[in-house]
Structures are given as structure tokens and as C-alpha cells.
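Undergrad: Give me a model of this one.
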Amino acid sequence: MRLTRVLFRRKLPVRRNHPINFNNAWQEGRTLPLTDTDDQKVLTSMGIPVVSPQDVIQSSYVMPYEVPEYDPPKSIIRENLPKDESHPLWKDRPVHTFGDRTYFPVNHQLDLAKNLTKTVELDVGLPSRLIQSIEKTSLSEEALSSVEDMIKETQMFDAIQKKLPFNYKVPFIGWHPVNDRMSSKTPYPVTMSWQYKEARKYGIPLPRSTLNLTRGLFRLLDQFCPEAKDILHRVNHEKQILRQYFNRLGSYTRVSVHLPFSVWSPHLIKPYADTNTTKSSISLKLPDIHPMEPQVGLWPINVYREENNLPIMDGSLLRAHTLVNNYTNPVPDLANEDQFAANSLMLSFASALGQARLLYGSEFSDVLPEPITVHFINT
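TA: Numbering: from 1, shown residues only. Predicted coordinates for the structure are as follows:
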């Protein structure tokens, strides 16, 4: 039947809506109303007594004992404990925590980190010994080809594909959805498409790709530098937790972060500064951050486990050589160059502090016999 013939009628047919009528009738008839037939009045007028059935019919079974009240069993699902004085890990002294997503106030990140760790900068840039070593190093065509293949393998040819988070900065698509034809164009920058939400895509997760890239680069370094010292005795650790506690200006501070990759060697790295240079750093002044305190960007908490942790155990023959941290936050604008420097300083200080406690004990509070050197890479 053509629909146009029905639509062009002068008088449209009556609409038949059977489901609605059926539902209405069912709703009206699903309850049975009780009608009063005056039976009780008729029986009473005839002299017939009316008795309730509960008064006549009784159960012949007698309970030998009283049934106790039902006590439902407790759920086996553990609920989150309240973070108050009843928590078993509650401490009266709060600790200011520097975690994976901790950010110091803008424009003062590195200065606050220097004051918090009581660190001064002796020289700008990499040490001269590292620069000379880099200038002497030359890679062959085979090494460059291996690096290129490894980058393609970790960034393109990985078999693991998962649903990625939303793209925070959608590439410019040629126009902005917030602009219309009735008003002049708003001067939005063309670095990204404003008010355009792109669908989530499948791909290689950023933490996995960065970890595979870091692991592959260190593997190639060991492969093309076989004459390096203690290369056969080095150990690579992945996905560790670095946690160190220390007091600074009457405040208890904790550094608790996740490290994706680290390299440990049987021997300590030779210090880049001699003893005289280290002693001369006492006269250097820390950056002025008045009226702020060094812990201004750290959140105090009272529920914590007071244990220092390093990826290696006490008594191990391994020493901290190189630690790597990768920035995998899907929002890239939360950190700038100053924040990366402050984050690197906090993590390298915590690793050096943990190494010093393993060597000289947790109660050691005097000047170290020699400086502890740790390489730290933040990407």
C-alpha cells in the first residue's frame, strides 16, 4: 500500500492504537476491587454470630523453642576504611607528599624544589665530563639503522592495541566549530581545533610505548658499547616504587613515585665534583621564595606507612646508576620545562637519599664521606 494515497485523503482514517488501549485496560483490571454486600449485617440481624477465622482456627504444631531473630551475615566485600583516627595507619604528624601528579606553583617550580631539597646549582648544563664523552662517541650506520628499526617497532608495529583516552589537543581540521556566519571570526589559534571533540581511537598506550622505547635504547647502548665498565653486571629494573621520607624546616615530607625504568650497577658513579667544590657550595644561597614555604605545592595527609623504599634491598651489591621517568599524562599542558626540572630534582634527590641510607644507615646525619652521584633522565 502506497503511503501517499493515505496522506492525500481529505479525511484521514482513524488512528488505531491497540497497545495503548490494551495497557490501559490491563492497568484497570489488574486489581480486584472489593464490594461490600452487607453480609455481616444480614447475619447479625438473623442472630448468627460472626467470628474471625483467626480466633477459631489454631495451629496444632507447637514450637519447642523460640526462634531467634535472623542476623544477616556480614558482607565479605571489604569497604574503604575512613581516613580518620580509626584508621590503623593514622599518624598524628601529617606528611607532605610529592607524588606522580604533584605540581608546584607556576613560575616557581624549580626554586621551590631547590629549597625543599636544600640543593644548589654548581654549573649550568651537563657536566663537562659527560659532554666530552658525548663528543668522542660516534655511531656507525648499523647502529643508526638499529635505532630506527627499534623506534618503528615500539611506536608502529606493536601488537598491543587498546582504547586510548580522548585527544586533548585535536589537530586543526581547517575550521572551528565555535565560529558561525552571523558574526566575525574569533581569532582562535590554529594550533588545535576548538570545541571539536574527536572520537576515541585504538592504538598503543603511551606508557607501554615509552617503556618499550626506553628499554630498547638501553639495550642498544649495551650492545654497541661492550667495552663499558661493569656492563655485564648491571641490572635493569622496571615498574618500581621509590618512597623516601625526610624532614625539612620542621615539616615531614615524603617522595612517593612510580619509576618505569632504572639501571643499577655494582659500583657508584664517580662524582662530577671534588671535595673542595662540594664544600664551597655551602656559601651559595638558595633561591628566595618569600612569602611561600617549600611545601606549598604538597598536600598533607595523616594516613601513610612510614617505610623508606628503594628498588633494591638493604645489603645488595647494586648501586643506583641511572633512573628514568616518563611523562605519560594525556594532558601535556600541565607541565613545562621548569616543572620537568623540578620533578627531576625531587626524584634524583630521593634516589640519592635512599642510596645514602643503604650505604651509611638510616640514622646517619653527618656529612657524607663522598658525594653520591645518580644519573636521572626525565622525558
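Undergrad: Specify the beta-bridge partners of residue 243.
TA: Here residue 243 sits in beta bridges with residue 256, residue 309, going by DSSP bridges.
Undergrad: What is the burial count for it?
TA: Using other C-beta atoms under 10 Å, residue 243 has 20 neighbouring residues. Glycine gets a C-beta too; all of them are placed from N, C-alpha and C.
Undergrad: On the pLDDT front, check it for me.
TA: With respect to pLDDT, residue 243 scores 94.
Undergrad: what are the ranges of the strands in the chain?
TA: For the chain, applying DSSP state E gives strands covering 90-98, 162-163, 202-203, 235-248, 251-265, 299-303, 319-325, 375-378.
Undergrad: Residue 287 is nearest to which of those strands?
TA: If you check each of the strands of the chain against residue 287 by C-beta to C-beta, strand 235-248 wins as the nearest, at 14.9 Å.
Undergrad: And the helices in the stretch 251-379 of the chain?
TA: 275-280, 337-360 (DSSP state H, counting those that start in this stretch).
Undergrad: just the angle between the last one and strand 251-265, please?
TA: Same thing as helix 337-360. 80 degrees (axes from the mean of the first three to the mean of the last three C-alpha atoms, to 10 degrees).
Undergrad: what does helix 337-360 rub up against?
TA: Applying C-beta atoms under 8 Å, 6 or more residues apart in numbering, the contact partners of helix 337-360 are 98, 103-104, 107, 109-110, 112-114, 116-117, 119, 242-244, 246, 255, 257, 259, 268, 308-310, 312, 314, 316, 319-320, 323, 325, 327, 335, 364, 368, 372-374, 376, 378.
Undergrad: now the first one
TA: Counting by C-beta under 8 Å, 6+ apart, helix 275-280 makes contact with 122, 271, 370, 371, all of which sit outside it.
Undergrad: I am assuming the third one contacts residue 271, so please confirm or correct that.
TA: Yes: at 6.3 Å, residue 370 and residue 271 qualify as touching, with contact defined as C-beta atoms under 8 Å.
Undergrad: what about residue 225, distance to residue 218?
TA: Distance of residue 225 to residue 218, given as C-beta to C-beta, to the nearest Å: 11 Å.
Undergrad: whoops, I mixed them up, residue 98
TA: For residue 98, the distance to residue 218 equals 26 Å [C-beta to C-beta].
Undergrad: who's more crowded, these two?
TA: Counted by other C-beta under 10 Å, residue 98 and residue 218 do not tie: residue 98 has more neighbours, with 24 against 16.
Undergrad: quick one: pLDDT of the more buried one?
TA: So, for residue 98, pLDDT stands at 95.
Undergrad: do residue 176 as well
TA: So residue 176 comes in at 66 (pLDDT).
Undergrad: And for the one 5 residues further on?
TA: For residue 181, the model assigns a pLDDT of 60.
Undergrad: Could you do residue 189 as well?
TA: pLDDT, read off for residue 189, is 69.
Undergrad: Ok, residue 2 next?
TA: Confidence score, pLDDT, at residue 2: 62.
Undergrad: and what of the one 5 residues further on?
TA: The score at residue 7 is 63. That number is its pLDDT.
Undergrad: can you put the strands of the chain in JSON lines and add distance to residue 290?
TA: As requested, the strands of the chain are exported to JSON lines (distance: least, C-beta to C-beta, whole Å):
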{"stretch": "strand 90-98", "distance to residue 290": "19"}
{"stretch": "strand 162-163", "distance to residue 290": "47"}
{"stretch": "strand 202-203", "distance to residue 290": "47"}
{"stretch": "strand 235-248", "distance to residue 290": "16"}
{"stretch": "strand 251-265", "distance to residue 290": "16"}
{"stretch": "strand 299-303", "distance to residue 290": "21"}
{"stretch": "strand 319-325", "distance to residue 290": "30"}
{"stretch": "strand 375-378", "distance to residue 290": "28"}
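Undergrad: Buried deepest among the ones you listed, which one?
TA: A comparison of those by mean neighbour count, using mean count of other C-beta atoms under 10 Å, puts strand 319-325 on top with a mean of 22.
Undergrad: Please state the offset of it from the chain centre?
TA: Between the centre of strand 319-325 and the centre of its chain there are 21 Å (C-alpha atoms, centre = their mean, to the nearest Å).
Undergrad: Strand 251-265 and that strand, what's the angle between them?
TA: 110 degrees.
Undergrad: Partner strands of strand 319-325 and their direction?
TA: strand 251-265 (antiparallel), strand 375-378 (parallel).
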